[in-house]
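J.: I would like the atomic coordinates for the input below:
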Amino acid sequence: MRRAPRILGLAALLLPIPAPAQTGEPSSRADSLFAAESWAEAATAYEALVTSDPANGQAWYRLGHSRYQLEAFGPAAEAWRRAADAGFAPAFSNYNAASARARLGDADAAFAALEAAEAAGLAQPDLLAGDADFDAVRDDPRYAAIHARMEAARFPCRSGDVYERLDFWLGTWDVFDPQGQRVGRNVLEKDYGGCTVIERWEDAFGGRGTSLNWWDPALGQWVQRWVSDNGRLVQIEGNLKGDSMVLHGHQIDPAGAAQDYRMTITPNADGSVRQRIETSDDGGATWTTGFDGRYVRIEAERP
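T.: Model prediction:
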């Protein structure tokens with residue numbers, strides 16, 4: 001028998017199913033048949049349940065699943081619609097109804113149900129893209145529009161200028177001081193759906209450090225938190241100033257003493273990047289440059 005898409009089994013199995021011995025009540029018998037994957041018998045049992053209790057959303061949902069396994073896609077879609085109308089897992093119920101309608105080639109009904117699933121909070125673009133039930137309607141422009149909206153809702157950091165402001169710093173780099181001496185290697189990568197930039201630094205003497213960088217919409221700024229193996233912490237925030245990312249805050253030594261700290265990262269026309277780190281002991285009246293590095297991308301490891 002055909003295997004259901006992942007979401008069908010997931011939503012059903014999130015709900016408790018009585019042990020097979022508990023077969024006195026009609027619902028227990030239906031659930032036992034469902035657990036045993038006796039789809040025809042389960043469908044008959046759930047049909048009896050919803051006839052006597054039309055508001056039983058879980059019974060409608062599992063009736064849809066049982067009918068789907070029997071390849072009765074139209075009745076399956078109707079059962080899932082009734083489950084959604086009863087308020088039972090409306091995102092999953094509408095999605096499943098959409099998948100069944102798509103299997104039938106009923107594009108209008110499929111997209112109406114899919115939009116209802118989206119309105120109920122479903123934002124699973126990878127699930128939608130990998131679900132073969134929608135193959136028959138994938139060329140319809142409505143599919144691309146819904147997938148794009150789900151992508152934006154599920155992964156908001158993958159689009160939008162604000163999340164791309166540190167992209168010029170991404171990559172694997174050799175870093176050189178102003179005299180041309182190699183002082184370390186730095187790797188910067190996006191992770192967590194593009195919501196963070198993770199930095200992994202190793203200097204020429206084996207010292208190591210890492211930072212987590214992210215856009216904070218409440219602050220309206222980029223934030224960096226750095227920690228190194230010598231116990232030094234950096235806590236800075238900032239934003240673009242012209243072409244440069246300028247972050248300001250404090251560095252904190254292992255004893256807890258804080259010092260004003262400013263980092264400026266600038267993309268160069270030749271594809272390199274300049275990073276300058278300055279500190280101040282007089283509240284920002286004067287600044288001392290402690291690091292001035294030129295990043296040269298390692299071409300073999302270009303992201």
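
J.: give the contact list for the residue nearest to Pro178 when sequence neighbours are not counted.
T.: With sequence-adjacent residues excluded and distances taken as CB to CB, 6 or more residues apart in numbering, Pro178 is closest to Asp292, at 5.5 Å. Placement of C-beta: from N, CA and C, glycine included. When contacts are counted by CB atoms under 8 Å, 6 or more residues apart in numbering, Asp292 is found next to Asp177, Pro178, Arg274, Gln275, Arg276, Ile277.

J.: For Asp292, what are phi and psi?
T.: Backbone torsions for Asp292, taken as degrees, to the nearest 10, come to phi -140, psi 100.

J.: Quick check: which ranges of the stretch 151-300 of the chain have low pLDDT?
T.: 300 (pLDDT under 70).

J.: Would you map the strands across it?
T.: Assigned by DSSP state E, counting those that start in this stretch, the stretch 151-300 of the chain shows strands spanning 171-176, 182-191, 196-203, 208-216, 221-228, 233-241, 244-252, 258-267, 273-280, 288-297.

J.: got a markdown table for those strands, with distance to Ala84 too?
T.: Output for those, formatted as a markdown table (distance: least, CB to CB, whole Å):
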| stretch | distance to Ala84 |
| --- | --- |
| strand 171-176 | 47 |
| strand 182-191 | 35 |
| strand 196-203 | 36 |
| strand 208-216 | 36 |
| strand 221-228 | 40 |
| strand 233-241 | 44 |
| strand 244-252 | 46 |
| strand 258-267 | 49 |
| strand 273-280 | 51 |
| strand 288-297 | 51 |
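
J.: Among those, which comes closest to Leu114?
T.: Closest to Leu114 of these is strand 182-191 (CB to CB; 29.2 Å).

J.: what angle sits between the closest one and strand 171-176?
T.: Going by axes from the mean of the first three to the mean of the last three CA atoms, to 10 degrees, strand 182-191 is angled at 160 degrees with respect to strand 171-176.

J.: buried set for strand 182-191?
T.: Val183, Gly184, Arg185, Asn186, Val187, Leu188, Lys190 (16 or more other CB atoms under 10 Å).

J.: counting contacts, what elements does it pack onto?
T.: In terms of contacts (3 or more CB pairs under 8 Å, 6 or more residues apart in numbering; DSSP states H and E), strand 182-191 is packed against strand 171-176, strand 196-203, strand 288-297.
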